[in-house]
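Participant: show me the folded form of this:
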Amino acid sequence: MNTAILESTINTGFDRDTFNTYVMNTYGRFPITIEKGKGCKLWDTEGKEYLDFVAGIATCTLGHAHPALVEAVTKQIQQLHHISNFYYTEQQGQLAKWIVEHSCADKVFFCNSGAEANEAAIKLVRKYAHTVLEFLEQPVILTAKSSFHGRTLATVTATGQPKYQKHFEPLVPGFEYVPYNDIIAIEEAITNIDEGDRRVAAIMIEPLQGEGGVIPGDLDYFLRLRKICDDTGILLVFDEVQTGVGRTGKMWGHENLGVEPDIFTSAKGLAGGIPIGAMMCKASCDVFEPGNHASTFGGNPFVCAAGLAVLQTLEKDNILQNVQARGEQLRTKLRSIVSKYPKIFSEVRGWGLIDGIEIERDFDLTSVDIVKKAMENGLLLAPAGPKVLRFVPPLIVSAEEIDRASEILESTIASLVI
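Facilitator: The predicted structure is shown next:
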């Protein structure tokens, strides 16, 4: 194809009808087309500016077009972007080293997404159960109701929300569900399951439930979980896909609870929007061998260079301090809104810059209603279920941007309830 034909093919313009004709209908998209971004701001194809408090669903750690990330990926794409895991690459080794040195983990496996990271954790649990715990038949993983662990067949089964599982039966066996933050339910489940050929091999849980409504883990509950696992040999697995990489004000969400997992996963914020996933474990459960698990694209030089740039920038620029300060500021603003509209909102909850405001169950207003109206007013927000509004801005968000988002939100609510 000559250059003139190529340019003609590319520069044909864009419209949503074309998009909808050729892209599979798996998302409920809002009616805007984003063209560019800078920091915590986005612009659509009509030139309208938005304050971005979605951040790619808690993914754009450093915001949009951050100089450190731009420099890292530009340099790496010009040098080496992908060769497969047949060979050693410096970037993967350096990223793994940084993660291990800044966490409780001893080993890291890289993949492409949070679902894949959780799949890797599930496979590691099962091999550990069969080879170390010697569960010869049916190891069971306990997960929480209202949890979210991914969209693959195993991770959607692990997800404790039936709405995501509908029409995808038969589901993967080996999972049971218990209420979140309910230690009695965990103890009863272990007792009831540990009979015959079935045994509990792991508890897989989020330190804070994101998609389930921004529900933080209870400290006493997680301390008890750790003791139960220590006493029984059950593995404790933390899904940190959304809470990891500084989102909660700590590098890893479980640090807010003072409890270390045996295995944990990360993805969303790890490379600031470049697709990556990681499954970390302690040496005691590092039972994978060559051929047990793999990922063609996982941990290639390009994504690992992006991950290193994000993590090193978080550390160098002391961004966790900003997350803590801006999170407190945001929750204070949201509590003020709750006080002003007590018949509409019931609670504010969260850690760092993953926060939610809950709408009263009986009030005729959904999170999507607010999201749509806020979008019209220049603020992008995300729902976390029908009655929780989620705030996950880039971790570099400023005090002025928190104030502005709060002002837009309050005026949005006022316009909806007049």
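
Participant: how about low-confidence regions in the stretch 101-250 of the chain?
Facilitator: 136, 196 (pLDDT under 70).

Participant: so which residues of it form strands?
Facilitator: 107-111, 138-144, 175-178, 198-205, 208-209, 215-216, 235-239 (DSSP state E, counting those that start in this stretch).

Participant: tell me which of the ones you listed is the most buried.
Facilitator: strand 235-239 (a mean of 28; mean count of other C-beta atoms under 10 Å). Placement of C-beta: from N, CA and C, glycine included.

Participant: for that strand, give me every contacting residue.
Facilitator: For strand 235-239, contacts defined as C-beta atoms under 8 Å, 6 or more residues apart in numbering pick out 114, 118, 121, 125, 128, 141, 147, 149, 201-207, 225-226, 229, 252-254, 259, 261-265, 285.

Participant: stretch 340-349 too?
Facilitator: Residues external to stretch 340-349 that are found in contact with it (C-beta under 8 Å, 6+ apart): 214-216, 331, 334-335, 337-338, 355-360, 363, 365, 410, 413, 417.

Participant: quick one: mean pLDDT for that stretch?
Facilitator: Stretch 340-349 comes out with an average pLDDT of 95.

Participant: and stretch 44-52, by the same measure?
Facilitator: Over the span of stretch 44-52, the pLDDT mean works out to 96.

Participant: what lies in contact with that stretch?
Facilitator: Stretch 44-52 is contacted by residues 14, 32-35, 37, 40-43, 60, 63-64, 375, 378-380, 393-394, 401, 404-405, 408 when judged by C-beta under 8 Å, 6+ apart.

Participant: one more: stretch 391-402?
Facilitator: Residues from elsewhere that reach stretch 391-402, judged by C-beta under 8 Å, 6+ apart: 39-40, 51-55, 57-58, 60-64, 66, 246-247, 269, 314, 319-320, 322-323, 325-326, 329-330, 333-334, 350, 353-357, 381-382, 405.

Participant: now stretch 16-28
Facilitator: Stretch 16-28 is touched from outside by 31, 33, with contacts defined as C-beta under 8 Å, 6+ apart.

Participant: and it, end to end?
Facilitator: Start-to-end span of stretch 16-28 (C-alpha to C-alpha, to the nearest Å) is 13 Å.

Participant: pull out the buried positions in the strand or helix carrying Asn322.
Facilitator: Per DSSP states H and E, Asn322 falls inside helix 319-340. By 16 or more other C-beta atoms under 10 Å, the buried positions in helix 319-340 come out as 319-320, 322-324, 326-327, 329-331, 333-334, 337.
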